[in-house]
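Asks: give me coordinates for this.
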Amino acid sequence: MKKFYLASASPRRKQLLKLLGVEYTVVPSRIKEIFLPGELPEMACQRLALDKAIHAASKLKEGVVLGCDTIVVVDSDILGKPRNPEEAIFMLRKLSGKRHMVYTGLALLDLENSEILTDYECTSVYFRELDEEEITNYVKSGEPIGKAGAYAIQGKAAIFVERIEGCFYNVIGLPLYRLHMLLKKIGIKVK
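Replies: Below is the predicted model of the structure:
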């Protein structure tokens, strides 16, 4: 059995991998998440996921590395992770009352075969109108910091979501169906 590594310290991704029964070791990857001018969201999330996998793989000699990246797109603007409360407030105001798209890129890097597989998932999320007090209170909770689009659908922001179209797990940051299909291709069994 190949050793499996997760190039992410995200507690949510760790929980979701456990759902699949995949044994893994975390090798955090810290890269600067830069969006290139004119780059399509589906390309950006896959490129960043691959960059994270490559960075983590540089510390290893064998095994398979999973890199992931989640971004939110609203009104053609890519929203990454807010660095401070002001950015979180700005993002939540932008999402209020609108449909946005959540993209998660996946990259699997097999160090023994030099094989690279990438894919992505896209989910539509519809937010209801948010008032300023709700936004302020949510940001004060601290939950939005470090989350793509400044919210966690599985957390307190669940009450902001009218509906979704597509994979719920994608919005959390790890599309399980899509990951399962990639793992099968690379020879890692889900229990």
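Asks: need the pLDDT of the most far-flung residue of the chain relative to its centre.
Replies: Using Cα atoms, centre = their mean, the residue of the chain lying farthest from its centre is Glu133. It sits 27.3 Å away. As predicted, Glu133 sits at a pLDDT of 97.
Asks: what does the one helix or strand it maps to contact?
Replies: Element membership of Glu133, judged by DSSP states H and E, is helix 132-140. For helix 132-140, the surrounding residues in contact (Cβ atoms under 8 Å, 6 or more residues apart in numbering) are 85, 88-89, 92-93, 96, 144, 150-151, 156-157, 160. Bear in mind the C-beta positions are built from the backbone N, C-alpha and C, glycine included.
Asks: my read: Gly67 touches Ser29, true?
Replies: Yes. Contact criterion Cβ atoms under 8 Å: Gly67 and Ser29 qualify, at 6.5 Å.
Asks: between these two, which contacts overlap?
Replies: By Cβ under 8 Å, 6+ apart, Gly67 and Ser29 have these common neighbours: 7-8, 51-53, 55-56.
Asks: PyMOL command for the buried members of the residues you listed?
Replies: Paste this into PyMOL to select the buried members of the shared contacts of Gly67 and Ser29, with burial taken from 16 or more other Cβ atoms under 10 Å:
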select buried, resi 7+8+51+52+53+55+56
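Asks: how about the helices in the chain?
Replies: 11-20, 41-57, 85-95, 132-140, 168-172, 176-186 (DSSP state H).
Asks: look at Glu121 and report its pLDDT.
Replies: 98.
Asks: how about it, nearest residue that isn't a chain neighbour?
Replies: Pro175 (3.6 Å; Cβ to Cβ, 6 or more residues apart in numbering).
Asks: the one you found: neighbour count?
Replies: 29 (other Cβ atoms under 10 Å).
Asks: phi, psi of it?
Replies: Dihedral pair for Pro175: phi -70, psi 100, per degrees, to the nearest 10.
Asks: which residues are in contact with the residue lying closest to Arg30 once chain neighbours are set aside?
Replies: Leaving aside its sequence neighbours, Arg30 sits nearest to His55 (Cβ to Cβ, 6+ apart; 7.5 Å). By Cβ under 8 Å, 6+ apart, the contact set of His55 is 7, 29-31, 67.
Asks: all set, thanks.
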